[in-house]
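Novice: Following is a predicted model, sequence given first.
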Amino acid sequence: MRHRKDHRKLSRTASHRRAVLRNLVTALFQYERIQTTVAKAKETRRLAERMITFAKRGDVAARRHVDRFVMRPDVTRKLFETIAPWYAERPGGYTRILRIGHRLGDAGETCYLELVKSAEQMEKERLERLAAEEPKDKSEKGGSKRRAKAGAAPEAAAEKPKRGARRGDGDVQAPSRKRTRRGVKTG
């Protein structure tokens, strides 16, 4: 029985578990969203929220404490300068776990662990993404117009050739067979 056992061991030694969790916390602050298993996400959430609370304090002792745990100095800087001000008035609940299903290889339950953002922050990021995509869309549209002017018919380009060779009567012949080391392969 596991009465009064607080943390998950994650089938690892203590040093390996600490290294995995440090890497996950660092990646969460760097990318603001990571994909992992549910058990690892629940353990990472505890430590990440603690680091954000230290960053909200903002004093030298808190910075040293976070610096000892987070793997990269630029991520620590981002935590103190960017992420901590997002949660200045929020008393807790800085992260969210979104379950996404089971992994194909071992059927482990996976999820996204992400930082919670306000509606204003999400709208600002959406507008930035749209502004970044706009020049790319213009360049793609210009390129397709040039191709259309050159005489390439867009309908002909959209049609895919059917598999196999065509006979004169319109029937599609079966694909040719190839010899491989392990026998005959079609396609």
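Specialist: Perfect, I can see it now.

Novice: Spatially central, which residue of the protein would that be?
Specialist: Central residue of the chain (CA atoms, centre = their mean): Ile34, 5.3 Å from the mean position.

Novice: That one touches Leu28, doesn't it?
Specialist: Yes - assessed by CB atoms under 8 Å, Ile34 is found in contact with Leu28 at 5.2 Å. Backbone N, C-alpha and C define where each C-beta goes, glycine included.

Novice: which stretches of this structure form helices?
Specialist: 14-31, 38-57, 60-69, 73-78, 84-86, 119-149, 154-158 (DSSP state H).

Novice: which of those sits most buried?
Specialist: Compared across those, helix 38-57 shows the largest average neighbour count, a mean of 19 (mean count of other CB atoms under 10 Å).

Novice: can you list contacts of that helix?
Specialist: For helix 38-57, contacts defined as CB atoms under 8 Å, 6 or more residues apart in numbering pick out 7-8, 10, 20-21, 24-25, 28-29, 36, 62-63, 65-66, 69-70, 79-80, 83-84, 87-88, 92-95, 97, 99, 109-111, 113.

Novice: Excluding covalently adjacent residues, which one is nearest to Leu113?
Specialist: The shortest distance from Leu113 to any non-neighbouring residue, by CB to CB, 6 or more residues apart in numbering, is to Ala41 (4.2 Å).

Novice: Tell me the confidence at the one you found?
Specialist: Looking at Ala41, its pLDDT is 97.

Novice: So it versus Lys5, what's the distance?
Specialist: 19 Å (CB to CB, to the nearest Å).
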